[in-house]
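Engineer: Pasting the sequence and the predicted coordinates here, then a few questions.
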Amino acid sequence: MKCNLFIYKIRFLILGLLLAGFLSACSSTIKYGVPPKVDLLGSLKVGVSSRADVLMSLGEPRGRGAARFSNSASLKHGIAAFHDLWFYEYVETDGKKVDLKFLLVFMDQDHYNGHFWFSSSELMEVEQ
Amino acid sequence: MPYSKSLRFTLNHIKFLEHRYNRLIALITRLLLFSIALMAATQITGCNINIRAGNKPNIATLETTLKQGVSSEQDVIKALGSPVGKGREMLPFMDAPRTTWTYYYEEGDLNDDRRLFLFVFFDNQRYDGYMWFSSLPEQGSLDGALRNRGTSKP
């Protein structure tokens, strides 16, 4: 009986350790994407820098997009009505809080035309 | 005789308890094996937690179905569904504030997670433009299609 009880306790201990390992594996830090290199945005020139220049500076975007703004507004201010968007995103979570960094790069046909980035954390060291 | 009968009863009782105990151990063993199998499966699939939020709007309709300055709010709902939120915007190059409808969709698991943002602009309750960006993999082809349609400069 004592032997059986010992085996029972060992099994219970193993089960506990396995569950603990499983839970700790699930609660580790999760990262999606790559932090956008916003400190390199200053090297890009509106209307001059090409797609290749943007790729060289910022790397491959994680996604794409598009924007069409009001015709009247774009006519009045001389900006393109249609823009390609390159989307860079980075999300990091430890299960308790989520930090994110998003960067949008506006492309006017084949040239860099501006950017917009925001972040929920202070991990960005250089601001543009 | 009564003593012997009592002893027999006690022995039977002990045997019964032992049988129950063995069955319990067998059950725990099976549970343990099940847990190991479950753990192996979840470790392989990265905990297998799926994330999904919102409804994915059909962004192709932004250029194919909706007409700037013509389409109504009802047309937008018909094409894209109901928004998850509403707001107002006044961007630097705009002459007046506009109403903005927000759409958001997200899907993924613990290995990868991707999302789509869509903002639809209205001027006097008429569709007046949009901005969307997405890290969903299947949006690449739509992006190309829209790019070919909309590279007009003022």
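Structural biologist: Received it, and whenever you're ready, just let me know what you need.

Engineer: Based on its surroundings, how many neighbours for residue B:26?
Structural biologist: Using other C-beta atoms under 10 Å in any protein chain shown, residue B:26 is surrounded by 10 other residues. Any C-beta I mention is one placed from the backbone N, CA and C, and that applies to glycine too.

Engineer: any idea which helix or strand carries it?
Structural biologist: Following DSSP states H and E, one finds residue B:26 within helix B:2-44.

Engineer: what element comes up after that helix heading to the C-terminus?
Structural biologist: Next along from helix B:2-44, by DSSP H and E: strand B:51-53.

Engineer: what does the average pLDDT come to for the following helix or strand past that next one?
Structural biologist: Downstream of strand B:51-53, the first helix or strand assigned by DSSP H and E is helix B:61-64. On average, the pLDDT along helix B:61-64 is 94.

Engineer: Check which helices and strands helix B:61-64 is in contact with.
Structural biologist: Applying 3 or more C-beta pairs under 8 Å, 6 or more residues apart in numbering or on different chains; DSSP states H and E, we find helix B:61-64 packed against strand A:63-68, helix B:73-80, helix B:139-149.

Engineer: Sheet-wise, list the partners of the shortest one with their directions.
Structural biologist: In this case it means strand A:63-68. According to DSSP bridges, strand A:63-68 has the following sheet partners: strand A:82-93 (antiparallel), strand B:126-134 (antiparallel).

Engineer: what about the chain, any weak spots by pLDDT?
Structural biologist: Looking at chain A here, since you left the chain open. Along chain A, the parts satisfying pLDDT under 70 run over A:1-27, A:73-80, A:121-128.

Engineer: that answer is for a different chain, and I need it for chain B
Structural biologist: Low-confidence segments of chain B (pLDDT under 70): B:1-5, B:9, B:27, B:29-48, B:139-154.

Engineer: who's the residue nearest the centre of it bridged to?
Structural biologist: Centroid check for chain B by C-alpha atoms, centre = their mean gives residue B:52 as the closest residue, at 0.3 Å. Legend: beta-bridge partners of residue B:52 under DSSP bridges are residue B:107.

Engineer: Hmm, it is touching residue B:106, no?
Structural biologist: Yes: look at residue B:52 against residue B:106 with C-beta atoms under 8 Å: they come within range, at 6.9 Å.

Engineer: Show me what counts as buried in stretch A:64-74.
Structural biologist: A:64-70, A:72-74 (16 or more other C-beta atoms under 10 Å in any protein chain shown).

Engineer: nope, stretch B:88-107 is what I meant
Structural biologist: Result for stretch B:88-107 [16+ other C-beta under 10 Å]: buried residues B:94, B:98-101, B:103-107.

Engineer: Ok, stretch B:108-128 next?
Structural biologist: For stretch B:108-128, the neighbour count (16+ other C-beta under 10 Å) marks B:108, B:110, B:113-123, B:126-128 as buried.

Engineer: In strands, which of those residues fall?
Structural biologist: In strands, judged by DSSP state E, the following of those are found: B:108, B:113-123, B:126-128.

Engineer: Looking at those, which one is closest to residue A:95?
Structural biologist: Comparing these against residue A:95 with C-beta to C-beta places residue B:113 closest, at 13.4 Å.

Engineer: Now for the closest residue to the closest one other than its chain neighbours, how many residues are close by?
Structural biologist: The shortest distance from residue B:113 to any non-neighbouring residue, by C-beta to C-beta, 6 or more residues apart in numbering or on different chains, is to residue A:32 (4.9 Å). Other residues near residue A:32 come to 19 when the count uses other C-beta under 10 Å.

Engineer: ok, the strand or helix carrying residue A:32: who's next to it in the sheet?
Structural biologist: Using DSSP H and E, residue A:32 falls within strand A:30-33. Strand pairing for strand A:30-33, using DSSP bridges, gives strand A:82-93 (antiparallel).
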